[in-house]
Every structure is written in structure tokens, then in C-alpha cells.
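Trainee: dropping the sequence and predicted coords here.
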Amino acid sequence: MKSLYIALAISLPAMASEQAKIQLLDRNVTVEVKSYRDVYYDETPIWKTLEKQGWKAAKNAVNEQPTSKKLTEEINFQANLEALTSAVNSNNRSAANALLADNPDWNSCQRIQWVWLDLQNEMATGYGTKSRQKYSDILQNCPEFTLTTTQKVLMWSRKSAGPQILSQYRQSPGYDATEYSKLAYQIQLKQLSRNGSHSANKDVVVKQAKVKRDSKGAELLGWQYLKEKNYQSSLSWFDSAIKWSGKPSKKLIEGKLLSLKGLHRQKEVEQLQARWVKQYPSLNKFKSNANSERLNRICESQPAACLKLLDEQQPLTSEQHALAGWQWYKLQRPLTATRSFEKALKDLPADVEQYQETQYGYSLALNRAGFQQHAESLAKLLADPSYKVMYAKQQASKNILNAFEQEKYQYVVDNTYLYEQKYGQEVGLSEIKGWAYYNQNQNTKAVNTFQQLVNAYPHDPKFKDALKTAQCAQRKTYKQCY
């Protein structure tokens, strides 16, 4: 009898091999079995678990069941993506590099999250040649992610790299003129925020804010003018920001109140405060009070007298403890200042603006008192980027000043240059740099530095004397100079 082959499409356990043949006893009949591994069970619930709960939950849901190659690979990818994210965020470059080297196939547009982390890891050391090349590769190969990638690169890089990044974006296949204009404007806002009202971008921001009717840009300009005590201009910009925002924030209302106070328009201050105080209870601090106004006026310029007045008002509120902390800091009493700031932080709600300002003061006082490591750890927790920048500037200035006192003049020159590149010029640091050049017998550079200060401040005799000293050293004619 001839052998009879019957093809059966049935599901068997994973132990069964593909195209298995089973010989039936007592009959010369062979049954051919086909196993379709891809249809063991419906994987849809596991895919949903992976999407909503993550790879660990999905892996547990599999529970040693056979899965498709696609699902297995996706779970593996998500696990490695989480590990790479953790390594990059913690600046563990060796771990990140190892993960990237082990999985070169994921460096594709289909795995753009992996590609972004690769780029972010490279940019941890700055926007150098390799970073530029990786960014350029994404622009050329993944045009659908051009804008998002550019936004991320701008966020990861220093502001000085902004123009070059935008130039690369402008030359890419995914370039969009409208989005380019928005990105350029955001860079200008960022530079104005960091460099202050003397930034060359201020005029550009003024024009763009008006054209775009941009509330954020108007608010930034309002605070810049308020800092200059140009209250009329600050009031105008805060009004524009309130109008364009639709729903003004507490900070916007505070800016307008401060501008009105600067213009001594007390009646309007009271009206505005009464209008918004129910929505923003902290605006109660703007309520007219003769004693508090006198205290604030004295505390602006007379720290010792301010502390005496505060002592008469015991027990102090959290806000008054913070005010005392700033006065002790001005009087070069950092340890006493830290105690006042600690009392203020104890009862201040963490979600109010003054909490951030007080924590910033606390960080400065700790730093000045010699607790630099603790101060830096606190500064990293500051939610407001402007306070982080101010702390970083203060720390950098302190390091430069200490180096000058230790006669490390080249350090002063190098780090003053880095400071100016990052934050803009500071008069005091420029003067120190000039004397560092002088003490290294680099008299031409000293003359140039002091000449810039004289040009900027022609009525300050201190800079004129410094310039004269450097010129005499340059000409080696001290007897004729003095």
C-alpha cells in the first residue's frame, strides 16, 4: 500500500518542529504537520500593555509564551531605550557609548528616539564637529524630523551655537521659513534674557514682539525696562503682554503693579490690586501700608537700619525673615544670612515666587560662607532658570576674583573671556582682566582693556588712572608719567 500524506494546518506546542512527520502505528500512513508559529495567539493585548505600561509590564505579560519576532524586538528596543535615556541624563557617557555601539541597527529614522539620544550624548561635551555631523545627518536623512530635531539641538546647546544651528537648518531639505523665523526669535529672546537690556538683540525683540503680538517677548521687555527703572516703558510693555496673553499670569500683574508704583500712581496700584487679589491672593503685599513702604525704602540702601526696623517688628513673617537674610548678606555676614533664609524657607510655600528668590539668596549665602558643595546642590534645584543663571554668574565671578588674589593671572584672563562669551561683559571683571594683563607684562592688552572702560565710562577717574598706568608701562616712561 502506498503511503498517504495528509497536510494538516493545526496549532501545536512550541516543542513541535516545523514540517514534523508522525508515523502512525500499524498503518502505512504518514501525517504531515505544519506549525504556524506566528498565529499562536492574539498579541494585541500585549502591544497595548507595551504602549500604556511600558516594556517591563509587557515582558511580564508574555510570561514565557512564544512571541513574534516583531514584538520581541520592540520590547528589547524599549528596554534599551530606557537604559540609554538614563545613561544620557546622568551623563554616564561610557554606558551610553556601550549601548550605542551594541545596537547600530537602531540608528535609523524609524528609531528616531534612539538617534536623538545618540546626538544628545555627543553634545554633552559641546556642539563640536561630531555633533554638527550627526545633526546634519538627521537633517539630510530624516527630513520629517527636521524641525523637532532642531528644537532639541537648540535646547541642548549653548546660546553661542544658535546661529550656526539655524544656518544648518536653513540649508536642510526640511527647511520651513515660518518655523525658521520663530526659532530665530526664540534665540533672540533667550539672549536678551541672559545678557540683559544691553544686548544687541533688544531692538530686534522690540520689533518682533510688536509684529508677532507676542506676550512672552513683551513680558521680558517689561522686566528689562523695570530693571532699568524706566517705569513708563515697562508699564507699556506689561500692558501689551497682558493684552496679548488673553489670561494674564500673577507675574504679569505684579510687573504692572511695580511699574505703577515706580511712577507713583498709587491710586491705580490699589485699583489693579483690588481687581486681581481674589484670583492671586499673594498680591496682598501690594496693599498700601505706610510702615511697609518705609521699611522697603530703607532696606533698598541701608541694611543696618533695615535690620533695626525689622527687630522692632518681632515676630517676623517668612517674607521679613527673607528680607533680613538679604540685609545680612549685604553686610558680609553670610552665616547669619543663612539662618534668616532658613527661617523664611521653613514656612514659605514652595509654589510661590518668593520661595525661589529666597532659595537663591540661601544658595548665595552658603557659598559665601564656604559651603560651596551644599550651595551648588541647592542651586541645581532652582526651578526658575534666571536664578540658576544668576547663581552661575556669581560663582564664576567669585572664582575669577579668588584667582586674581592668588596671582593666577592667566586663569583670570582665560575665564573672564569664557564668562563674557556666555554672559556678556561685566565692568568689574573687565577691570580685573586689565590688571591681570598688566601683571603679566602684557601692557598692550591692558591698555586696550582699560581704554574700552574709559570709552564706556568717561567720567570715572578710576579707569582713567588705570589706563594711564598701563600706558606708562607700555612706554616704559614712568618718570614722565608721575
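Mentor: In hand now; what should we look at? What you see is a predicted model, and the numbers here were worked out from it, not measured in a lab.

Trainee: starting at the chain centroid, how far to the helix or strand containing Tyr437?
Mentor: Assessed by DSSP states H and E, Tyr437 sits inside helix 427-439. Counting by Cα atoms, centre = their mean, to the nearest Å, helix 427-439 is centred 30 Å from the centre of its parent chain.

Trainee: now do that helix: everything it contacts.
Mentor: 397, 400-401, 404, 407, 409-410, 412-413, 416, 419-420, 443, 445-446, 449-450, 452-453, 456-457, 462-463, 466, 469-470, 473 (Cβ atoms under 8 Å, 6 or more residues apart in numbering). From N, CA and C alone the C-beta is placed, and that goes for glycine too.

Trainee: list buried residues within the residues you listed.
Mentor: Neighbour-count burial (16 or more other Cβ atoms under 10 Å) applied to those gives 397, 400, 404, 409, 412-413, 416, 419, 443, 445-446, 449-450, 453, 463, 466, 469-470, 473.

Trainee: from the residues you listed, which ones fall inside strands?
Mentor: Among the buried ones among the contacts of helix 427-439, DSSP state E puts none in strands.

Trainee: just these: which are in helices?
Mentor: 397, 400, 404, 409, 412-413, 416, 419, 443, 445-446, 449-450, 453, 463, 466, 469-470, 473 (DSSP state H).

Trainee: helices of the stretch 101-250 of the chain, start to end?
Mentor: For the stretch 101-250 of the chain, the helices defined by DSSP state H, counting those that start in this stretch cover 112-122, 129-141, 146-156, 162-170, 177-195, 202-212, 215-227, 231-245, 250-262.

Trainee: just send those back as TSV, with mean pLDDT and mean neighbour count too.
Mentor: What follows is the helices of the stretch 101-250 of the chain, written out as TSV (pLDDT from 0 to 100; neighbours: other Cβ atoms under 10 Å):
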stretch	mean pLDDT	mean neighbour count
helix 112-122	94	20
helix 129-141	94	16
helix 146-156	92	19
helix 162-170	90	16
helix 177-195	78	16
helix 202-212	78	16
helix 215-227	87	21
helix 231-245	92	19
helix 250-262	90	20
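
Trainee: how about those in TSV, adding distance to Glu74?
Mentor: Conversion of the helices of the stretch 101-250 of the chain to TSV gives the following (distance: least, Cβ to Cβ, whole Å):
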stretch	distance to Glu74
helix 112-122	12
helix 129-141	22
helix 146-156	22
helix 162-170	31
helix 177-195	31
helix 202-212	42
helix 215-227	39
helix 231-245	43
helix 250-262	44
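
Trainee: list the buried ones in the helix or strand harbouring Val389?
Mentor: Secondary structure from DSSP H and E places Val389 in helix 385-405. Buried residues in helix 385-405, counted by 16+ other Cβ under 10 Å: 387-388, 390-391, 393-397, 400, 403-404.

Trainee: any low-confidence regions in the chain?
Mentor: 1-41, 193-201, 287-293, 351-352, 383-384, 386-388, 477-482 (pLDDT under 70).

Trainee: please repeat the previous calculation with a cut-off of 50.
Mentor: Confidence mapping of the chain against pLDDT under 50 gives the ranges 1-39.

Trainee: tell me the domain ranges of it?
Mentor: Using automatic domain parsing, the domain parsing of the chain gives 4-40, 42-106, 306-383, 386-482.

Trainee: in JSON lines: those, plus distance to Tyr185.
Mentor: Converted to JSON lines, these look like this (distance: least, Cβ to Cβ, whole Å):
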{"stretch": "domain 4-40", "distance to Tyr185": "52"}
{"stretch": "domain 42-106", "distance to Tyr185": "29"}
{"stretch": "domain 306-383", "distance to Tyr185": "24"}
{"stretch": "domain 386-482", "distance to Tyr185": "19"}
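
Trainee: so which of those is nearest Leu154?
Mentor: domain 386-482 (15.9 Å; Cβ to Cβ).

Trainee: check the offset of the closest one from the chain's centre.
Mentor: 29 Å.

Trainee: same deal with stretch 131-138?
Mentor: With Cα atoms, centre = their mean, you get 22 Å for stretch 131-138.

Trainee: and the nearest residue to Ala470 once chain neighbours are set aside, how far from Leu467?
Mentor: Distances taken as Cβ to Cβ, 6 or more residues apart in numbering place Ala446 nearest to Ala470, at 4.1 Å, with adjacent residues excluded. Distance, Ala446 to Leu467, using Cβ to Cβ, to the nearest Å: 9 Å.

Trainee: excluding chain neighbours, what is closest to Trp223?
Mentor: Nearest to Trp223 is Gly255, by Cβ to Cβ, 6+ apart, at 6.3 Å.

Trainee: ditto for Tyr457
Mentor: Phe463 (5.7 Å).
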